[in-house]
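1. Give me a 3D structure for the following:
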Amino acid sequence: FPYNRTGFTIASPCSHSLESAVVALVGAALSRLDLTAHTATHPRLGVVDHISCHPLVHARSVASAAEAANAIGSRIGKEFEV
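-> Residues are numbered from 1 along each chain as shown. Predicted coordinates for the structure are as follows:
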């Protein structure tokens, strides 16, 4: 059965650039996708239902990934009122 899902991996040494890229991607998805006619079998919460942040090098910590996740979530909530 088709899931009709797409995953993206975005990496950047600059957390602000990463945040901006993710927020722009979310904005594009929200403006173009309509789930009212969605027929795939995979459960979903919305157009964008999963964003994860992970440190990719030892110099970055799990705490910095959590900060990035919180910043991304805050911007998405404010900019798109979701």
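2. how far away is the residue positioned nearest the centre of the chain from residue 37?
-> Closest residue to the average C-alpha location of the chain: residue 51 at 3.7 Å, with Cα atoms, centre = their mean. Using Cβ to Cβ, to the nearest Å, residue 51 is found at 24 Å from residue 37. C-betas here are computed from N, CA, C, even on glycine.
3. could I have the host helix or strand of residue 21 exported to PDB, CA atoms only?
-> Taking DSSP states H and E as the definition, one finds residue 21 inside helix 15-32. This file holds the C-alpha atoms of helix 15-32, laid out as PDB (Å, rounded to 0.1, in the frame of the first residue of the first chain):
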ATOM      1  CA  SER A  15      21.600  26.300  13.100                       C
ATOM      2  CA  HIS A  16      19.900  29.500  11.900                       C
ATOM      3  CA  SER A  17      20.300  28.400   8.300                       C
ATOM      4  CA  LEU A  18      19.000  25.000   9.100                       C
ATOM      5  CA  GLU A  19      16.000  26.500  11.000                       C
ATOM      6  CA  SER A  20      15.200  28.700   8.000                       C
ATOM      7  CA  ALA A  21      15.400  25.900   5.500                       C
ATOM      8  CA  VAL A  22      13.100  23.600   7.600                       C
ATOM      9  CA  VAL A  23      10.600  26.400   8.100                       C
ATOM     10  CA  ALA A  24      10.600  27.200   4.400                       C
ATOM     11  CA  LEU A  25      10.100  23.500   3.500                       C
ATOM     12  CA  VAL A  26       7.200  23.300   5.900                       C
ATOM     13  CA  GLY A  27       5.700  26.400   4.500                       C
ATOM     14  CA  ALA A  28       5.900  25.000   0.900                       C
ATOM     15  CA  ALA A  29       4.300  21.700   2.000                       C
ATOM     16  CA  LEU A  30       1.500  23.500   3.900                       C
ATOM     17  CA  SER A  31       0.700  25.700   1.000                       C
ATOM     18  CA  ARG A  32       0.600  22.900  -1.600                       C
END
